[in-house]
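>>> Sequence below, structure please.
(one chain, ligands or ions: 2)
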Amino acid sequence: MPSSPASASPHKRPPSASDPSSSSSSSSSDRRSSSPKPRLFLLLFLFIPAIIILLLASLLAPITGVTTALLPLSVTRLVHHHHPGHLSSSSSFLRQTRRLFSLHTTATMRRDKYEKELLVAQLAVQRAAILTKRVFHEKAKGTVDKNDKSPVTIGDFGAQALIIAALQHNFPDDAIVAEEESAKLREDEKLRSTVWELVKDTKLDNPDAEALLGGPIRDADAMVELIDKGNSPGGAQGRIWAIDPIDGTKGFLRGGQYAVCLALMVDGDVKVGALGCPNLPVDDAARLTAGIGENQTDDDGHGVLFSAVLGHGATSRPLATVSLDPELGTPISMRAIDDLTQANFCESVEAGHSSHGDQAAISHKLGITAPSVRMDSQAKYGSIARGAGDIYLRLPVSATYQEKIWDHAAGDLIVREAGGQVTDVHGKRLDFSVGRTLANNKGVVAAPLAVHAKVLEAVQEVLSAKL
Ligand SMILES: Nc1ncnc2c1ncn2[C@@H]1O[C@H](COP(=O)(O)OS(=O)(=O)O)[C@@H](OP(=O)(O)O)[C@H]1O
Ligand SMILES: [Mg+2]
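Numbers count the residues shown, from 1 in each chain. Ligands and ions are numbered 1, 2, ... in the order given. Prediction:
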């Protein structure tokens, strides 16, 4: 924190009319001995109450959001600069106090905007997407089956390593919940070196942006270690990042939609979200088409990065445009729907992830005749957030499946910040505070705020036998 000239050098401050110390020609030591009353007055009515206010503010900092690091520092400075030898400077003291409070306000606003977190999240997603795009164009994607039989590719491992490296470099104390683990890489030397070949060559073109992310990972062993830093159990306390390096891996393999997803939760609440969708059109005005979920390309005109900070709106920008200004995106919002029958639904491609039959019954109930658009991944959340589609339903197929937090955290925030509401099929907000899964929720209903209640009603009527 830079010091003002007055506070940095109180002895050399020029005389001022409002300054009692300058009204006399005697030395400061003379003044100290000859006029004790003004000093006592200042001590009792200005200095001590100000210290008490600052101490109280410091104690209340965790509640009010005032940065805790600055306050003790401020108090130290005040004590330091205003011990009895400096008490003559009442106007300087007031200026200093005012300045400290305004610095605290600015710091609070900065912290609320999560500027650094947003920038690192955007750049980390952009860098990871460079890697996933390379794999997308490869015929052999190094696919292996996980224990739950879902596929994982060299793209998933590589993207996760790169994102975690960026987070560890910038926020080493934060916890991370990420989808993949390194076991397969540890047991398969060839797979490990294929992933390493990809990771070691992937960087952002902008050297400042690359440096912000910490530059390259040291070696293959460090890469494997990084992947396993995503093993946090999650929970309701502290700062936790959720990563899905390739959401919609099946879509990625099929040549459809997929997303690189990153979100920051603080005490269980999603504060920052970034979604890289390499195969969606850059143009926010492009409506969803029936074919958006298959035979996709990430050529020119494709690749969009959605991001949001809680309370500060949602934006989109081209995924290929690296900017060190996190606020440079275009604000996005959901489409206002006057007539629900004209709304446009999207749903999972995989019938095993969301019930297509229930979705059709809900559409019917709402008088919607257009078939729902099927596409993989959180690209669905991004698409409705910018008004390319309107409603995203995820209707439980299995009674026991628990949704994963990394499949929803970024999308949930982006839709809500674009003017939407996201709940489960019971109407409860998604609860990211209970671990790696959304154990307290069933399914997802995401729609513009104004029509969400109506859509939820139709969902509950259709699912009534199952809920
Ligand atoms: N049974 C079941 N029910 C619901 N969801 C499930 C289920 N099984 C898996 N998954 C998760 O679905 C993620 C893929 O998201 P989508 O369903 O939206 O896309 S897709 O159409 O299925 O590809 C997918 O994420 P990725 O593994 O990252 O692709 C899974 O985490
Ligand atoms: Mg996923």
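>>> most centrally placed residue in this protein?
Closest residue to the average C-alpha location of the chain: Val272 at 1.8 Å, with C-alpha atoms, centre = their mean.
>>> wait, what's in contact with the nearest residue to Asn295 once chain neighbours are set aside?
Distances taken as C-beta to C-beta, 6 or more residues apart in numbering put Gly255 closest to Asn295, at 5.6 Å, once the chain neighbours are dropped. Bear in mind the C-beta positions are built from the backbone N, C-alpha and C, glycine included. Applying C-beta atoms under 8 Å, 6 or more residues apart in numbering to Gly255 gives the contacts Phe136, Glu294, Asn295, Gln296.
>>> rewinding a little: any figure for the gap between the residue nearest to the centre of the chain and Val309?
According to C-beta to C-beta, to the nearest Å, Val272 and Val309 sit 5 Å apart.
>>> can you check Pro371 too?
Counting by C-beta to C-beta, the gap from Pro371 to Val309 is 35 Å.
>>> re the thing from before, grab the two from the contacts of Gly255 that are most spread out in space.
Farthest pair in the contacts of Gly255 (C-beta to C-beta) is Phe136 and Glu294. Separation: 13.7 Å.
>>> end-to-end on stretch 139-153?
Terminal residues of stretch 139-153 are spaced 12 Å apart (C-alpha to C-alpha, to the nearest Å).
>>> Indicate whether it makes contact with ligand 1.
Yes. Contact between stretch 139-153 and ligand 1, assessed by C-beta under 6 Å from any ligand atom, occurs at Ser150.
>>> Let me see the contact set for the residue nearest to the centre of the chain.
Per C-beta under 8 Å, 6+ apart, neighbours of Val272: Tyr114, Glu117, Leu118, Ala121, Ala263, Leu264, Ser307, Ala308, Val309, Leu310, Leu413.
>>> Repeat that for Thr297.
Asn279 are the contacts of Thr297 under C-beta under 8 Å, 6+ apart.
>>> same check, this time on Pro216
If you count contacts by C-beta under 8 Å, 6+ apart, Pro216 has them with Lys200, Lys203.
>>> For ligand 1, tell me whether the longest strand along the chain is touching it.
Among the segments of the chain that qualify as a strand by DSSP state E, the longest is strand 269-281. No. Between strand 269-281 and ligand 1, judged by C-beta under 6 Å from any ligand atom, nothing touches; the nearest distance is 12.3 Å.
>>> what about Leu288, distance to Ala379?
Remark: distance between Leu288 and Ala379 (C-beta to C-beta) = 10 Å.
>>> Looking at those two, which is more packed in?
Ala379 (33 against 24; other C-beta atoms under 10 Å).
>>> Check what pLDDT that one gets.
Predicted confidence (pLDDT) for Ala379: 98.
>>> pretty sure it is in contact with Tyr258, am I right?
Yes. Between Ala379 and Tyr258 there is a contact at 7.1 Å, judged by C-beta atoms under 8 Å.
>>> Which neighbours do the two have in common?
Jointly contacting Ala379 and Tyr258 under the rule C-beta under 8 Å, 6+ apart are Gly248, Cys277, Asn279.
>>> got a winner among those residues for most neighbours?
Tallying neighbours with other C-beta under 10 Å puts Cys277 at the head of the shared contacts of Ala379 and Tyr258, with 32 neighbours.
>>> re the thing from before, can you go through the contacts of Gly255 and name the buried ones?
Buried by 16 or more other C-beta atoms under 10 Å: Phe136, Gln296, out of the contacts of Gly255.
>>> from the contacts of Gly255, which is closest to ligand 1?
Within the contacts of Gly255, the smallest distance to ligand 1 is 11.0 Å, found for Glu294 (C-beta to the nearest ligand atom).
>>> what's the nearest residue to the closest one if we skip its chain neighbours?
Take Glu294 and drop its neighbours on the chain: the residue closest to it by C-beta to C-beta, 6+ apart is Gly256, 5.1 Å away.
>>> SS state for that neighbour?
Following DSSP: H, G, I helix; E, B strand; the rest coil, Gly256 is assigned to coil.
>>> Begin at 50, not 1, for the rest of this chat.
Yep, numbering from 50; the last one is Gly305 now.
>>> That one and ligand 1, how far apart?
Using C-beta to the nearest ligand atom, to the nearest Å, Gly305 is found at 8 Å from ligand 1.
>>> Arg267 too?
Relative to ligand 1, and taking C-beta to the nearest ligand atom, Arg267 is found at 27 Å.
>>> per-residue confidence for that residue?
For Arg267, pLDDT reads 98.
>>> can you pull the contacts of whatever residue of the stretch 200-349 of the chain ends up closest to ligand 2?
Of all residues in the stretch 200-349 of the chain, the one sitting closest to ligand 2 is Asp296 (3.6 Å; C-beta to the ion). Shown in contact with Asp296 (C-beta under 8 Å, 6+ apart): Tyr307, Ala308, Val309, Cys310, Asp425, Ser426, Gln427, Trp455, Asp456.
>>> Let me have the residues you listed in a markdown table, extended by secondary structure, neighbour count and distance to ligand 1.
Putting the contacts of Asp296 into a markdown table (DSSP: H, G, I helix; E, B strand; the rest coil; neighbours: other C-beta atoms under 10 Å; distance: C-beta to the nearest ligand atom, whole Å) gives the following:
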| residue | secondary structure | neighbour count | distance to ligand 1 |
| --- | --- | --- | --- |
| Tyr307 | coil | 33 | 8 |
| Ala308 | strand | 34 | 9 |
| Val309 | strand | 35 | 10 |
| Cys310 | strand | 33 | 8 |
| Asp425 | coil | 27 | 3 |
| Ser426 | coil | 30 | 5 |
| Gln427 | coil | 31 | 7 |
| Trp455 | helix | 25 | 7 |
| Asp456 | helix | 24 | 5 |
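>>> Give me the neighbour count for Ala385.
11.
>>> Could you report the distance from it to Ser365?
In terms of C-beta to C-beta, Ala385 sits 18 Å off from Ser365.
>>> For the stretch 100-249 of the chain, what lies in contact range of ligand 1?
Ser199, Glu228.
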